[in-house]
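>>> how does the following fold in three dimensions:
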Amino acid sequence: MATITPTLTTFPGGTSAAYEPGDGVCLFFYDAKGEFYPAGIGSALGYTMYTGPVVFNAGGEEGTINGIPRAYLGIGFDVKGNFSTTNNSKTGPKIVGTENSVLTSCPVTTLTPNTITTRGGELSAYKVVGTTPNLSTYPLSGSPDETYGEPNTWYKDSPSKTLHQSVASRDDIEFTRVKVIIQNKGKRIRVEMKDNTTGKYHPYQIIDLDSGLGERLLPYQGITTLRAGLAFSTSNSVMNCEIKNFSSYGVYSNTEKTQGYIQPQSTSKYRVALSADCP
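Model prediction:
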């Protein structure tokens, strides 16, 4: 349906060894009839809901920020590995209950650095729908992944990748071209990266969703056309994000926005509790 082709890399913005690189970059898609307002900082990668410090190294004031309204999907290039967790009141891959407007999610606290995590949209409370192994462990082979059932043979030719680079200057960056493709009317997400040696693209994440465009009905309307956006997040980490040659390909739609101005959601859209009964 559409292909988004950003070229991205990162490099440290400071010399202090006390800060680890992070957090990462999120490419997201949202309802073309709406407008987006930036979502949570830090581990939320500007896409999902967030509860935690809103000012780092300056008193530790905390607050709650909603996720991007009318979001359809968010693909996080996760340097630090916190986008896939339930830290800061995010949902995990399993939502086991809803009661009194509170979602109950199975806790995930272990960071998975140097990965790609895809999260669903607002209707699914931005839950995790897929996380890759560490990209440095590619190529993958053997039996299907036990968590998501993806055949590892899909990735048998995909070379290892590192999302973060430590360089002396911007001139030393080796940019890596990334391609995110939405197929089958929004039901399949395919993330590819270019091998700079051979010039070939290889898959690193392929996810089949339960439903596609026009099949997800939100309280205000079903999503049939999409716009794309990029969010960057560092929180208390030290990192610069460099993007160039961002391109979008697809079928053009002159969809008019029903909301033509940017504004946050006035109330907290979701509250998240963690269940102690999850396996």
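>>> I'd say Gly24 and Ser84 touch.
No - counting by C-beta atoms under 8 Å, Gly24 stays clear of Ser84, with 10.5 Å between them. (Glycine included, C-beta is placed from N, CA and C.)
>>> of these two, who's got more company?
Set side by side, Gly24 and Ser84 show unequal neighbour counts under other C-beta atoms under 10 Å, the larger going to Gly24 at 32 against 26.
>>> tell me the contacts of that one?
Taking C-beta atoms under 8 Å, 6 or more residues apart in numbering, we find Gly24 in contact with Leu45, Gly76, Phe77, Asp78, Val79, Lys80, Phe83, Leu163, Phe232, Ser233.
>>> so which residues of the stretch 51-200 of the chain form strands?
All strands of the stretch 51-200 of the chain, identified by DSSP state E, counting those that start in this stretch, fall at 62-65, 71-78, 95-99, 102-105, 115-120, 128-131, 176-183, 188-194.
>>> worst average pLDDT in these?
Note on the strands of the stretch 51-200 of the chain: strand 95-99 shows the lowest mean pLDDT, a mean of 78.
>>> can you list the strands that it pairs with?
Applying DSSP bridges to the sheet, strand 95-99 is found paired with strand 102-105 (antiparallel).
>>> mind checking how far the partner strand is from the chain centre?
Here the centre of strand 102-105 is set off from its chain's centre by 20 Å, with C-alpha atoms, centre = their mean, to the nearest Å.
>>> closest to Glu215 out of the contacts of Gly24?
Gly76 (23.6 Å; C-beta to C-beta).
>>> what about the residue nearest to the closest one when sequence neighbours are not counted, how many residues nearby?
Of all residues not flanking Gly76 in the chain, Phe83 sits nearest, at 4.1 Å (C-beta to C-beta, 6 or more residues apart in numbering). When neighbours are counted by other C-beta under 10 Å, Phe83 registers 34.
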